[in-house]
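>>> got a predicted model here, sequence first, then my questions.
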Amino acid sequence: MGLRDVLFGKKKLAGPARERLFALTTAAVTLDTELGLRTAGDAGIVFKPLSAGEFVRAEHDLQQLLDGVASGSGSFGYTWIIVRDPDLEDQVTTIHAVAQGLEEQGFGSQLLAAVFKFDGGKHPVYWIYGYKRGAFWPFVPTGEDQKRDNAEELELKAKLEKELPVEQDLTRWFGVFDAPL
């Protein structure tokens, strides 16, 4: 955004490439073979709630996509759409389609994150995709209160940052302790 845009009212920044989300499907080989992590069959997309009227309109357009694979819930003022599918590629495709549908309805700025759960380690591993920055980060809760395994998270970053666009600013690695996944 340049000075001309600020002066003449163009304030919208271009969003990050939504296709970066698909990098997770190619990283799945490394997750499985090198780290022993496989999809838990659960993924979700979280966004700021919309007004009732706006959401009804957007939900109607997304309902055909969501039938049979997703459910919704609310938590801490955010809305979750949960996808349950044993195939990671299907999870990613569905999450992408939901995000795209919300974006097409004018709610792209409401998107917060997509979350993918993996099993096979000492603790469940979540790969979180932040829509604002277009990058992933690992989240490994220990199961004890609100604690996380930072060493494991850094190791996952190191092993996958060549395959995934990983958020480099660690202060932006928020956790999703109460995610409905």
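Arrived safely.

>>> and residue 129, how many neighbours does it have?
Applying other C-beta atoms under 10 Å, we find 29 residues neighbouring residue 129. Placement of C-beta: from N, CA and C, glycine included.

>>> residue boundaries of the helices in the chain?
3-7, 23-33, 52-66, 88-104, 150-160 (DSSP state H).

>>> where does the prediction get shaky in this protein?
1-18, 50-77 (pLDDT under 70).

>>> mind running it again at 50?
Of all residues in the chain, those with pLDDT under 50 make up the ranges 1-16, 64-70, 74-75.

>>> residues contacting the residue nearest in space to the middle of it?
The centre of the chain sits closest to residue 114, judged by C-alpha atoms, centre = their mean, with a distance of 1.3 Å. Contacts here follow C-beta atoms under 8 Å, 6 or more residues apart in numbering; on that basis residue 114 touches 21, 43, 44, 45, 46, 95, 99, 128, 129, 131.

>>> same question for residue 135.
Taking C-beta under 8 Å, 6+ apart as the criterion, residue 135 is in contact with 16, 20, 129, 165, 166, 167, 168.

>>> could you check how far the third one is from residue 33?
The reference is to residue 129. For residue 129, the distance to residue 33 equals 22 Å [C-beta to C-beta, to the nearest Å].

>>> give me the beta-bridge partners of the spatially closest residue to the residue nearest to the centre of the chain that is not a sequence neighbour?
Leaving aside its sequence neighbours, residue 114 sits nearest to residue 129 (C-beta to C-beta, 6 or more residues apart in numbering; 4.3 Å). Judged by DSSP bridges, the bridge partners of residue 129 are residue 114, residue 136.

>>> how far away is residue 129 from residue 24?
Residue 129 is 7 Å from residue 24, where distance means C-beta to C-beta.

>>> who touches both of these two?
Contacts common to residue 129 and residue 24, judged by C-beta under 8 Å, 6+ apart, are 116, 136.

>>> perfect, that will be all.
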